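**Q** From the sequence below, what's the structure:
(2 chains)
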Amino acid sequence: MQKTTFSYVTYIRSTPEKLWQALTTPGFNRQFFFGATQESAWKQGAAWRLMIPDGRVADSGEILEIDPPRRLVLKWRNEFMPELRAEGYSRMTLKIEKHGASVKLAILHEMDKPGSKLIEAVSEGWPPILSSLKSLLETGESLEETRRWPEGT
Amino acid sequence: MKKPKLVYTTFIRSTPKKTWDAISKPEFTRRYWGGMANVSDWKKGSKWEHHNPENEVWITGKVVESIPAKRLVLTWADPDDLKDKSRVTFEIEPMQDMVCLTVTHDRFQAGSKMVGKVSWGWPRVLSSLKTFLETGKGLNIFCRG
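**A** Predicted coordinates:
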């Protein structure tokens, strides 16, 4: 079956542990995830949610695999845009590898259907989010644009 | 089958001018692009070359379009395999206190050996470029493991 995928790789001057912490801790999340935070017990089978600062749920799903600080696989469905929600669950795989004095972070977001609007939407979202995460870890400051949820969405 | 097209977008806390200079001036590229240099006068129609630290030509091509601080389009080929030509487009867009840099590598020849090499290389080079512009020091991008 034809899939829609988005993949992104970035190299960050950091450690796998610090990167994992930034990815899974709300205090860090809101600085680079457009103000949003993730809620989860971070265990296999646990529920997972991405919360918009105003209290709405942006996306929700479940932790399919977790191996800190190396690997995370989420079942991921949009919750706040009906057209995207109707597509059902996507799968997001995040891999962290040590790369010399840096870390390699690879994201693969997949939907088991052609022409997915959800994958189109996350393709716009991941580059600024991951760019900002890299800035945060390397300079102590995330990118201004990614600290607030975009108005009217 | 669909023709391969690589697109990589990164957001950098910098200005369009600094980002342009970091791509086009050897004294900067050497500091984040694994010691490599991009050499040209960057005028439309001019030749450009990508040199390794020993000044050997690794990639060669022509400048197809050049709008400083905004847009640069190059042809791209290994000098030992000039038929395997492809195209690279750099687009720099200012956004508040940062820039959005998009690099598109496309128009690969059928069976191109370049696709694999550059899909390995661009995320490394552009991650290091961002680090260089934001911290003054690039990443050691060609290290293994």
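**Q** From here on, just use CA atoms for contacts and neighbour counts.
**A** Will do.
**Q** to the chain's geometric centre, what's the distance from the lengthiest helix in chain B?
**A** If each helix of chain B is counted by residues according to DSSP state H, the longest one is helix B:114-135. In terms of CA atoms, centre = their mean, to the nearest Å, the gap separating the centre of helix B:114-135 from the centre of its chain is 8 Å.
**Q** Give the rounded mean pLDDT of the helix or strand containing residue A:58.
**A** Residue A:58 belongs to strand A:57-67 when assigned by DSSP states H and E. Throughout strand A:57-67, pLDDT has a mean value of 98.
**Q** Now it: buried residues?
**A** Using 16 or more other CA atoms under 10 Å in any protein chain shown as the test for burial, strand A:57-67 gives A:57, A:58, A:59, A:60, A:61, A:62, A:63, A:64, A:65, A:66.
**Q** tell me which strands and helices that strand is in contact with?
**A** With contacts defined as 3 or more CA pairs under 8 Å, 6 or more residues apart in numbering or on different chains; DSSP states H and E, the packing partners of strand A:57-67 are strand A:47-51, strand A:71-78.
**Q** ok, the shortest one: who's next to it in the sheet?
**A** The reference is to strand A:47-51. According to DSSP bridges, strand A:47-51 has the following sheet partners: strand A:37-40 (antiparallel), strand A:57-67 (antiparallel).
**Q** And for the longest one?
**A** When pairing is defined by DSSP bridges, strand A:71-78 lines up against strand A:57-67 (antiparallel), strand A:90-99 (antiparallel).
**Q** Grab the nearest non-local neighbour of the residue most central in space within chain B.
**A** The centre of chain B sits closest to residue B:23, judged by CA atoms, centre = their mean, with a distance of 6.5 Å. Nearest-residue entry for residue B:23: residue B:29, 6.2 Å, with adjacent residues in sequence omitted and distances by CA to CA, 6 or more residues apart in numbering or on different chains.
**Q** still on that earlier bit, ranking the helices and strands packed on strand A:57-67 by burial, who's on top?
**A** With neighbours defined by mean count of other CA atoms under 10 Å in any protein chain shown, none of the helices and strands packed on strand A:57-67 is more surrounded on average than strand A:71-78, at a mean of 21.
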